[in-house]
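Q: Got a predicted structure here, sequence first:
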Amino acid sequence: MSSPKGITEDECYRILFEEISSSDSSVDSDENDPTFTTSCASSSLVCSRVVLNLSSCLHGKNHIIFMDNYFTSYDLFKDLKSNGVYACGTINPRRKNIPKLEEEKELERGEFDYKISNDSIIIYRWKDNRAVNLISTCHSPSDVSTVTRKMKDGTITNITCPIVLKDYNSSMNYVDNFDRLESDYAIDRKSKKWWMRLFLHFLDCSVTNAFIMHKEIEMEQFSNKAFRREVYKNSLAPKIVAANFASVSHTSIAPRIKSHKPYVDESIRHKSSKQQQIHSSSRRCAVCSSKKNPVQTVWMCSVCKVPLCLRAGNNCFKRYQEN
C-alpha cells in the first residue's frame with residue numbers, strides 16, 4: 001500500500017493525543033491473567049472512543065492522526081480508515097488482532113519485519129537497541145530511510161529504518177517539545193489542595209502556548225526563561241505591588257528593628273526610685289553577657305524587666321541604670 005497522494009504537511013492536522021498514563025500497565029502484565037484481559041479490553045474501548053469522538057470532524061478529509069501506544073489498537077485504526085482518516089503510531093504487540101512478527105532476538109539492528117492485513121493496515125517491528133512496534137494505514141513498507149546512531153566506541157553510523165518511524169518521530173515531537181518547554185521553568189508545586197495542582201499546570205500550559213505563538217510573530221524574540229520573566233514583570237508584578245501597597249496605610253509608623261539586646265526607653269530606665277532588684281529565673285545578663293562569654297543571672301529590674309548581674313565587683317544593675 002502506498003502513502004496517500006496529495007496530502008501535504010500543511011493539510012495534515014496533526015492531532016496529537018498526549019499520553020494520559022505514564023506507561024501502559026499491560027506491558028508488564030501476564031496476558032493469561034483474566035484481570036489483565038479485562039483491564040486491557042476496557043482501556044482499549046475507552047481510548048478508542050476518545051479518539052473517534054475527537055476525530056469525528058475529520059471524516060473523509062484524508063487527514064493523518066499520530067498517537068502513542070496508549071490509544072492504538074487494530075480495531076481503532078480500522079474504524080478510522082473506514083471513515084477516511086489515516087493514522088499512525090506505536091502499538092503494544094499484545095493488543096488484540098495484532099499478528100505475530102519476527103522475534104526481537106532474531107532481528108539485527110536496523111532490520112525490520114512487517115505484515116499487511118486484508119484491511120491494508122501495516123504492523124511493523126523495527127530493531128534498534130530494542131524492538132519498536134508501529135502500526136500505520138498511510139505508509140508503504142517499501143519506503144525506507146536512515147537514522148544516525150552513536151556507537152559504543154563513539155563513532156556515528158547510519159542504520160536503516162522504515163519511513164513510518166521518521167514520520168512518527170517528527171510529528172510526535174510537537175508534544176515532546178511542548179512538554180520540554182513546559183517543564184523547564186514549571187511553577188507546579190506540591191499542595192494538599194488537589195485543584196491547586198490543576199490550576200498551576202494549566203497556568204504553565206497557557207504561558208508555554210503563549211511563548212510558542214510569540215515565536216511565530218515577527219516581534220522581539222525572547223528565550224523561554226526571559227519570556228516568562230516578561231510575563232511576570234508586565235502582568236503579575238504590578239498587580240501584586242498594587243495590592244500590597246493598598247493594604248498598607250501611608251500613615252503607619254515603620255516598626256523598629258529589634259536587636260538581640262533588650263531595649264527600654266530612657267524615661268523609664270532612669271526612674272531609679274522605682275527600680276528595684278527582684279529575683280527571677282536564670283537568664284543572660286543584658287550588659288555583660290555575649291555569645292563568646294555568656295553570663296547567667298537570677299536578678300532583674302522590677303521596672304525594666306531586664307536581667308542584670310548583681311555581684312561583688314560586677315554590678316551591671318548600676319551600670320545599666322546610669323548609662
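A: Nice, I can see it.
Q: name the element the nearest residue to residue 296 once chain neighbours are set aside belongs to?
A: Nearest-residue entry for residue 296: residue 282, 5.0 Å, with adjacent residues in sequence omitted and distances by Cβ to Cβ, 6 or more residues apart in numbering. The way it works is simple: take the backbone N, C-alpha and C, and place the C-beta from them, glycine included. Assessed by DSSP states H and E, residue 282 sits inside strand 277-284.
Q: Show me what the helix or strand that that strand is followed by is packed against.
A: Later in the chain than strand 277-284, the nearest helix or strand by DSSP H and E is strand 296-301. Under the contact criterion of 3 or more Cβ pairs under 8 Å, 6 or more residues apart in numbering; DSSP states H and E, strand 296-301 touches strand 277-284, helix 316-322.
Q: so which of the ones you listed comes closest to residue 95?
A: strand 277-284 (74.9 Å; Cβ to Cβ).
Q: just how off-centre is the closest one within its chain?
A: The chain centroid and the centroid of strand 277-284 are separated by 56 Å under Cα atoms, centre = their mean, to the nearest Å.
Q: now do stretch 302-322
A: 61 Å.
Q: what mean pLDDT does that stretch have?
A: The pLDDT scores in stretch 302-322 average 79.
Q: same deal with stretch 174-193?
A: Stretch 174-193 shows a mean pLDDT of 85.
Q: just stretch 95-103 next, same as before
A: Here the average pLDDT along stretch 95-103 is 90.
Q: Please point out which parts of that stretch sit buried.
A: Neighbour-count burial for stretch 95-103, with 16 or more other Cβ atoms under 10 Å as criterion, is recorded at 95, 98, 101.
Q: try stretch 211-222
A: Neighbour counts over stretch 211-222 (16+ other Cβ under 10 Å) mark residue 211 as buried.
Q: Helices along the stretch 51-200 of the chain, start to end?
A: Under the criterion DSSP state H, counting those that start in this stretch, the stretch 51-200 of the chain contains helices at 74-82, 163-184, 194-215.
Q: Name the residues that touch the last one?
A: For helix 194-215, contacts defined as Cβ atoms under 8 Å, 6 or more residues apart in numbering pick out 178, 181-182, 186-189, 191, 221-222, 224, 227-228, 231.
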